[in-house]
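[1] Just a sequence and a predicted model for now, questions to come.
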Amino acid sequence: MHIFLKYVYYGLLLSGFVILLTRRNKLGSIFFVFLPLYFFNLVTQIVNDVLVPLKINTFPYYHINQFISSFLLHSYYYTILEKRMSRYFVLVGFTCFSLYFGYHYLYHFDHIKTIDFSDFTVEGLFICCYVVVYFLELYRSDMAIILKDHSHFWISIGNLIFFSGCMFIMGFSSYLRQNNIELYSKLVYINYFLNLLLYSLYIKAFLCDLRTRR
């Protein structure tokens, strides 16, 4: 089951990357931030699959990729949010995330070598907040919006479901591993399916007909 889900994950990543490349002119320049996001996710997954059988610690690569992905998603929401206060909120959010990452993983350098999902949890909290702010701006907008053709809507739906779902699992992962490893091994599959849902919704967003100009 795990191997099958991994191949599906690779398929969705590669498909999304190719679709994004071929439709980049129709989508608009804001979507260029997803090119490095896909690239680094692919590289991190490949590095993990190569090094884990060699018993080499791959957690530092995941944490570094987490920071890069966070920077790119913060940049994305900074660009699509219209209100000045909303953009200021994104700047404050990324500053807080960066300070936490620097203190927790660089100042306490040993943490970067461990299975510690606190960086994901902190990032996920901010991303969910940005999604809510974006939906509020969308709701209050005077523009006529067709949601099925609105790329930012589908990306934000994917981010909200993925981060809110994974935050619960990863937030309690340490406790579950220590106290109920059987439950942890079952619940971790939720993360796999949420990943697949996220990149499926990203593909849906990249296939939308609406051209977004920023």
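    On my side now, so go ahead.

[2] any idea how far residue 194 is from residue 125?
    Distance, residue 194 to residue 125, using C-beta to C-beta, to the nearest Å: 16 Å. All C-beta atoms are positioned from the backbone trio N, CA, C, and that covers glycine.

[3] Residue 112 now?
    Applying C-beta to C-beta to residue 112 and residue 125 gives a distance of 20 Å.

[4] now swap in residue 11 and tell me
    Distance from residue 11 to residue 125, by C-beta to C-beta: 30 Å.

[5] returning to what we had before: quick one: which of residue 112 and residue 125 has more around it?
    Neighbour totals were compared for residue 112 and residue 125, and residue 112 leads with 19 against 16 (other C-beta atoms under 10 Å).

[6] And the contacts of the helix or strand hosting residue 64?
    Taking DSSP states H and E as the definition, residue 64 sits inside helix 59-80. Contact partners of helix 59-80, identified using C-beta atoms under 8 Å, 6 or more residues apart in numbering, comprise 30, 33-34, 36-37, 40-41, 43-44, 47-48, 87, 90-91, 93-94, 97-98, 101, 105, 112-116, 119-120, 123, 126-127, 130-131, 134, 152, 155, 159, 214.

[7] Please apply the same query to stretch 135-146.
    Residues contacting stretch 135-146 (C-beta under 8 Å, 6+ apart): 81-83, 86, 153, 156, 210.

[8] out of those, which are buried?
    81, 86, 153, 156, 210 (16 or more other C-beta atoms under 10 Å).

[9] Now do the same contact list for the first one.
    Listed by C-beta under 8 Å, 6+ apart, the contact set of residue 81 reads 87, 90, 130, 133-134, 137.

[10] Check the fourth one too.
    Remark: with contacts taken as C-beta under 8 Å, 6+ apart, residue 156 is in contact with 131, 134-135.

[11] 10 Å instead?
    Residues in contact with residue 156, defined by C-beta atoms under 10 Å, 6 or more residues apart in numbering, are 76-77, 80, 127-128, 130-135, 138, 150, 201, 205.
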